[in-house]
Every structure is written in C-alpha cells, then in structure tokens.
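Novice: After the sequence you'll find the predicted model.
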Amino acid sequence: MAEFYEWLREGCRRRELGAPKDVPEKMLQNVSEDGALSGRCDNVLAEEKMQIAKSQLSLEPMGSVLGARVHGLDLSKPYGDDVKRELREAFAHHLVLCVPGQDLSYDDQVRFASVFGKADEKQISKDEKGEGKSRERGVMYVTNIRENGKQVGSLPDGEMQFHSDGSHRDIPYRATSLWAMQVPSRGGETKFANLYAAYDALPESTKLRIEGKQCKFIYQVDATFREQTREDDPTLSNAVHPLVKVHPDTGRKSLYLSRLMTRYIIGMDRAESEALLADLFDHAEKPEFVYAHPWKPKDIVIWDNRCTNHARNDFPADELRQLRRITVSEPGDTSASSAGY
Ligand code: OGA
Ligand code: MN
C-alpha cells in the first residue's frame with residue numbers, strides 16, 4: 001500500500017499537479033488486498049482527463065489494460081507546449097496512443113515523434129569516398145508491397161511474435177510510431193502487451209526469483225519468429241538488459257522480456273533458463289495484459305518500448321499493408337545505426 005501512495009505522489013509530482021492532500025477512497029479500488037497496484041489506475045486517469053479537457057484534447061481508453069485514443073488534435077497543424085506536455089502525460093499513463101484520422105506528411109510524423117524524444121529522421125551521411133550521399137535514417141516502411149517481386153519495405157508478411165523495438169541494442173528505442181497508409185480488410189492487428197501489469201501480477205516467489213537477473217537479447221533483421229534467429233552468429237545485434245526493468249519516468253517495474261528477442265537468463269543453468277523463460281513468455285502474453293489494435297487508414301500510433309511489447313496478427317497475403325515507421329531514440333543516443341528494429 002505504501003508503494004501505491006508513493007507511486008501516486010510521484011505521478012502527481014511529475015504531472016505538476018501537486019501531491020494529493022488525502023487519497024480518496026475511490027482511488028484505492030485499484031489496489032488489491034495484498035497492496036498490488038492494477039495495471040492502470042483509472043480514477044487517477046479520470047482526474048487527468050479533466051485536466052486535458054481544458055485544452056480540447058480528450059482521451060478515450062482503447063483496451064482495458066493499456067491504450068488511449070486521442071481526440072481533438074490535428075497533427076498537420078502547429079501545436080504548442082501545452083499539447084505536447086499533455087501528450088507525454090497521456091503516453092506515460094496509457095503506454096500506447098492512437099490519434100485517428102491524421103493526414104500526415106513525413107515531417108508531421110517527425111514532429112509528432114519528437115514530442116516523445118529524439119525522432120530518428122532522415123540524415124545526410126558521407127560515403128567512404130567522402131562524397132555527400134543521402135541516406136534515409138529512421139524512416140522505414142513496414143509493408144508487404146513488392147516491386148518486380150522484390151520487397152520494398154520491412155517486416156512484410158504475416159504474423160510476428162512479441163518483442164520490443166531495439167531491445168537487442170544497448171540503448172533500445174524509447175518509442176516507435178507507425179502511421180497507417182494501407183491496411184488489409186481483416187487481420188494484421190498490432191497487439192500490445194502491458195509489461196507493468198505482467199510484472200505486477202507475478203507471484204511474489206517469481207518476483208524474488210527474477211529480481212536482479214539479466215537477459216541476453218539477440219535479433220536477426222526481419223525475423224518474425226524466435227526460431228529464425230541463429231543464436232551462435234556473433235554478427236547479430238545483441239545486448240544485455242535487466243529482466244525487471246524500472247521505467248525512468250514512472251519508476252514502475254516491468255517484466256522486460258520477449259519471445260522474439262530474449263534468448264537466455266545470464267548466469268542461470270540453460271535448461272532452467274529455458275523453462276523459466278517459457279513460463280514468463282506465456283505469462284506476459286496472457287489476454288488480460290494485451291490490447292489488439294485494429295488499424296484504420298490514417299491512424300498514427302505511438303508506443304513505449306520500455307514497458308510494452310508488441311506483436312502482429314496474421315493477415316491475407318494478397319492484401320496490401322503499409323505503415324510508415326519512425327522510431328524515437330533516447331536523447332543521448334548518438335549510435336550510428338539508429339534506423340532499425
Ligand atoms: C514494428 C513492428 C508490427 C506491425 O514496426 O516494429 O513490430 O504490426 N510492427 O507491423
Ligand atoms: Mn516491432
């Protein structure tokens with residue numbers, strides 16, 4: 001319970017609302033008997049909704065465990081610091097935001113992504129001979145469109161397992177944005193899992209067992225299933241991260257792992273690691289932690305890679321799907337290979 005009050009106070013402080021004088025009884029509905037906090041705190045959100053209403057933005061929850069649709073915003077027009085602050089607050093609480101019906105140029109999407117951190121935009125780089133050469137960094141099309149049988153984008157077809165973008169890099173992407181250009185008539189939903197809620201719901205014994213553990217993450221470009229990654233290939237992008245990750249903005253713990261990219265728990269017997277990870281993957285993918293987003297053209301969606309996983313449902317191979325993707329890096333991340341998965 002003490003932890004909950006701390007969380008609430010911290011949240012209020014960060015949102016510059018001032019610490020609550022007393023915590024209304026209704027807020028305690030989010031706390032179970034053993035003091036655990038539910039994945040999302042709706043009455044705190046109601047309070048926030050009132051704040052946001054002042055500036056014409058309104059939030060409509062999308063799923064029961066994460067996600068909000070933002071209304072009252074045209075991202076092709078200028079918007080000020082108040083709106084940006086509100087978007088960041090909404091992002092911290094809902095983890096995934098969708099602004100529907102947006103006519104977005106590439107620059108508009110960069111501007112939107114920049115609200116949340118350092119947008120990975122197109123850059124000019126020099127080639128080896130020192131001649132100027134334009135290179136697209138950051139922008140990527142997730143699409144199954146093919147020209148002369150060759151794929152023109154990334155992650156073209158079908159189902160994709162749960163992962164978070166950049167968890168195979170030392171500094172993962174803070175966020176990823178996708179703008180829907182063409183979507184299939186059925187399937188192709190992006191599923192988002194709330195990793196705070198997955199952590200909170202673990203039995204105490206498991207929380208103790210995984211505290212302080214670290215995992216190896218490995219990713220092979222364009223792999224959509226775990227089995228496609230060659231673990232013994234040292235050229236594949238890989239990194240080590242804590243299994244219980246504390247979010248730098250909210251201070252909350254999440255279960256940071258994914259079926260697609262997490263290979264093993266460091267320092268644990270391999271068979272034990274496999275068995276534990278198999279259970280944890282299943283746990284983190286339980287329907288109660290997941291919202292599946294049914295795309296509509298012109299949706300712009302942004303998600304927090306530090307506390308959510310995402311996956312994709314299968315869709316008909318003969319229907320086109322195209323989304324423009326711009327990632328958001330940590331402001332201090334100057335690594336050259338910022339464009340990626
Ligand atoms: C991605 C991704 C899923 C999708 O762009 O990182 O995982 O639904 N996309 O296409
Ligand atoms: Mn992804």
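Specialist: Arrived safely. Here the structure is a predicted model, which is why all the values come from computation and not from measurement. Numbering: from 1, shown residues only. Ligands and ions are numbered 1, 2, ... in the order given.
Novice: For stretch 97-114, output the C-alpha coordinates as PDB.
Specialist: Extracted in PDB, the C-alpha atoms of stretch 97-114 (Å, rounded to 0.1, in the frame of the first residue of the first chain):
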ATOM      1  CA  LEU A  97      -1.600   6.400 -28.000                       C
ATOM      2  CA  CYS A  98      -3.600   6.400 -31.200                       C
ATOM      3  CA  VAL A  99      -4.500   9.700 -33.000                       C
ATOM      4  CA  PRO A 100      -7.000   8.700 -35.600                       C
ATOM      5  CA  GLY A 101      -7.800  10.300 -39.000                       C
ATOM      6  CA  GLN A 102      -4.500  12.100 -39.500                       C
ATOM      7  CA  ASP A 103      -3.200  13.300 -42.800                       C
ATOM      8  CA  LEU A 104       0.500  13.200 -42.000                       C
ATOM      9  CA  SER A 105       3.400  14.200 -44.100                       C
ATOM     10  CA  TYR A 106       6.800  12.700 -43.200                       C
ATOM     11  CA  ASP A 107       7.700  16.000 -41.500                       C
ATOM     12  CA  ASP A 108       4.500  15.900 -39.500                       C
ATOM     13  CA  GLN A 109       5.300  12.400 -38.200                       C
ATOM     14  CA  VAL A 110       8.800  13.500 -37.300                       C
ATOM     15  CA  ARG A 111       7.300  16.500 -35.400                       C
ATOM     16  CA  PHE A 112       4.900  14.200 -33.600                       C
ATOM     17  CA  ALA A 113       7.600  11.600 -32.700                       C
ATOM     18  CA  SER A 114       9.800  14.400 -31.400                       C
END
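Novice: Average pLDDT for it, rounded please.
Specialist: Averaging pLDDT along stretch 97-114 gives 97.
Novice: Next, the buried residues of that stretch.
Specialist: The neighbour-count check on stretch 97-114 (16 or more other Cβ atoms under 10 Å) flags 97-100, 102, 104, 108-113 as buried. C-beta: built from backbone N, CA, C; applies to glycine.
Novice: Against residue 165, how distant is the residue of the stretch 101-250 of the chain found nearest ligand 1?
Specialist: Per Cβ to the nearest ligand atom, residue 190 is where the stretch 101-250 of the chain lies closest to ligand 1, at 3.6 Å. Taking Cβ to Cβ, to the nearest Å as the measure, residue 190 falls 12 Å from residue 165.
Novice: Mutual contacts of these two, please.
Specialist: Common neighbours of residue 190 and residue 165, using Cβ atoms under 8 Å, 6 or more residues apart in numbering, are residue 310.
Novice: Now do residue 24, the pLDDT please.
Specialist: 41.
Novice: Mind jotting down where the strands sit in the stretch 1-150 of the chain?
Specialist: Secondary structure of the stretch 1-150 of the chain by DSSP state E, counting those that start in this stretch: the strands cover 58-61, 68-71, 96-99, 118-119, 123-126, 132-135, 140-143, 146-147, 150-151.
Novice: Understood, closing this out.
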